[in-house]
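**Student:** Please work out how this folds:
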Amino acid sequence: MKKTRQKKNVPVNASAKQAEPEEPGDPAELVPVSDGPEESGSSSDISYQNKDIASKIFAEGLREKSLRVYGIPSSRITKVLPTNLPAIEVNELRMDNLFQMEDGSYALIDYESGSRSKDKIKYINYIARTLKRLYDAGIRFPKIRMIVIYTSNVKRVKTVLDIGSLRLQIEPGYLSGIHTEEAFQKISKRAEAERNLEDDELMELIILPLTVENKEEQRILLRKCVSLAQRLEEREKQLFALSGLVTFADKIIDEELSQNVKGWIQMTKVGMIFEREKQEAIKQAVEEEREKQKQIQEQMQEQMQKETKQSKRDIWILRSLLNGCTVAEAAKAFGVTEQEVIELKG
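**Tutor:** Reported below is the predicted structural model:
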């Protein structure tokens with residue numbers, strides 16, 4: 001890995017009263033947004049069901065995870081919600097980016113590689129559509145957070161847009177505050193030693209390629225992160241890391257690596273289903289064997305009880321004969337044949 005310049009942590013001011021100076025983004029990093037009229041109807045909907053499998057797996061995997069490693073406080077996700085927002089802008093992060101947070105608020109999460117005033121119009125559209133959908137579902141005027149994660153070339157953005165009748169405030173997370181080399185070495189050592197990563201380390205891993213500014217360095221680091229993710233033992237974490245890397249690195253990943261990773265994800269997913277079915281089959285076999293052994297034990301106990309009862313009966317028959325009863329009288333008294341009494345008397 002090329003030596004990466006160490007970056008100082010940039011304080012996050014999610015509740016700023018005054019807007020900070022806005023830094024221009026890198027035009028080459030931005031995808032143009034059409035100013036044309038929005039289409040209507042189901043053909044323009046981006047539905048939860050039609051999302052790319054990697055994006056869906058990643059979004060589902062975000063449940064119970066926090067964005068604090070990106071500088072976003074109080075950001076543990078508790079529920080993943082489908083968006084179904086019509087006419088989403090083309091440079092939207094390709095994931096189901098509507099979540100319910102631990103405090104009951106709703107969060108729209110996007111990421112940007114530059115800072116433009118026009119982006120805030122896009123965010124207002126997101127919020128308005130989300131607000132309407134929630135309102136129609138009976139959730140009246142909930143708290144909606146607009147969280148924007150900025151790649152390494154963005155150091156500070158204007159967090160507030162105040163136009164008099166409306167005031168928008170975003171919560172920025174700056175990846176420029178992550179020390180790339182230090183974070184990668186820490187995660188790599190843990191993954192190699194234990195084949196495992198904690199949730200915060202997973203969240204850091206999936207974003208690491210975007211913490212360096214040079215495109216070629218981003219691609220080199222992305223391949224290293226993919227290789228590291230593939231070595232994780234827990235398949236759920238492996239799937240989350242790979243799908244997150246593909247989703248976040250959408251603008252820098254080459255087609256060959258993208259297809260390879262998605263193929264790996266598919267195989268891992270199929271493997272997980274097979275493993276789950278195998279475990280269920282084993283569990284069923286164990287249950288059947290346990291039931292079989294239970295039946296055998298019950299039969300043995302029943303036989304022992306029967307034999308014990310018969311032994312007691314035989315003793316009483318012999319006693320009755322000793323006390324002067326005839327064979328016929330003993331047979332009648334204990335409900336057996338005279339031949340059985342004769343054989344017992346022997």
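**Student:** Need the residue closest to the centroid of this protein.
**Tutor:** residue 61 (2.2 Å; CA atoms, centre = their mean).
**Student:** And that residue, its phi and psi?
**Tutor:** With angles defined as degrees, to the nearest 10, residue 61 sits at phi -70, psi -20.
**Student:** and if you look at the one 4 residues further on?
**Tutor:** Main-chain torsions, residue 65, degrees, to the nearest 10: phi -100, psi 160.
**Student:** Isn't it up against residue 80?
**Tutor:** No - here residue 65 lies out of contact with residue 80, judged by CB atoms under 8 Å, at a distance of 10.6 Å. (C-beta placed from N, C-alpha, C; glycine too.)
**Student:** ok so, going back, now the residue nearest to the centre of the chain, nearest residue through space, not along the chain?
**Tutor:** Leaving out its chain neighbours, the residue that sits closest to residue 61 by CB to CB, 6 or more residues apart in numbering is residue 240, at 3.5 Å.
**Student:** so how far is stretch 257-265 off the chain centroid?
**Tutor:** Relative to the centre of its chain, stretch 257-265 is centred 19 Å away, using CA atoms, centre = their mean, to the nearest Å.
**Student:** now do stretch 319-332
**Tutor:** 79 Å.
**Student:** Residues contacting that stretch, please?
**Tutor:** 317, 333-334, 337-338, 340-342, 345 (CB atoms under 8 Å, 6 or more residues apart in numbering).
**Student:** What's the end-to-end length of stretch 245-265?
**Tutor:** 11 Å (CA to CA, to the nearest Å).
**Student:** scratch that, stretch 109-119
**Tutor:** By CA to CA, one end of stretch 109-119 lies 13 Å from the other end.
**Student:** got the buried residues for that stretch?
**Tutor:** 109-116, 119 (16 or more other CB atoms under 10 Å).
**Student:** Next, format those as JSON lines and append distance to residue 208 and pLDDT.
**Tutor:** Formatted as JSON lines, the buried residues of stretch 109-119 follow (distance: CB to CB, whole Å; pLDDT from 0 to 100):
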{"residue": "109", "distance to residue 208": "18", "pLDDT": "89"}
{"residue": "110", "distance to residue 208": "19", "pLDDT": "87"}
{"residue": "111", "distance to residue 208": "14", "pLDDT": "84"}
{"residue": "112", "distance to residue 208": "17", "pLDDT": "87"}
{"residue": "113", "distance to residue 208": "15", "pLDDT": "82"}
{"residue": "114", "distance to residue 208": "19", "pLDDT": "85"}
{"residue": "115", "distance to residue 208": "21", "pLDDT": "85"}
{"residue": "116", "distance to residue 208": "25", "pLDDT": "86"}
{"residue": "119", "distance to residue 208": "24", "pLDDT": "90"}
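**Student:** low pLDDT regions in the stretch 51-200 of the chain?
**Tutor:** Within the stretch 51-200 of the chain, the stretches falling below the threshold (pLDDT under 70) are 51-53, 83-96.
**Student:** Run through the helices of it in chain order.
**Tutor:** Shown for the stretch 51-200 of the chain, the helices assigned by DSSP state H, counting those that start in this stretch span residues 53-61, 118-136, 180-194, 199-207.
**Student:** Can you lay out these as TSV showing distance to residue 246?
**Tutor:** Below are these laid out as TSV (distance: least, CB to CB, whole Å):
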stretch	distance to residue 246
helix 53-61	5
helix 118-136	23
helix 180-194	18
helix 199-207	9
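**Student:** closest to residue 172 out of these?
**Tutor:** Checking these against residue 172 by CB to CB gives helix 118-136 as the closest, at 11.3 Å.
**Student:** what helices or strands is that closest one leaning on?
**Tutor:** Secondary-structure packing of helix 118-136 (3 or more CB pairs under 8 Å, 6 or more residues apart in numbering; DSSP states H and E): strand 106-112, strand 144-150, strand 167-174.
**Student:** Let me have those strands in JSON lines, extended by distance to residue 76.
**Tutor:** Output for the helices and strands packed on helix 118-136, formatted as JSON lines (distance: least, CB to CB, whole Å):
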{"stretch": "strand 106-112", "distance to residue 76": "10"}
{"stretch": "strand 144-150", "distance to residue 76": "12"}
{"stretch": "strand 167-174", "distance to residue 76": "14"}
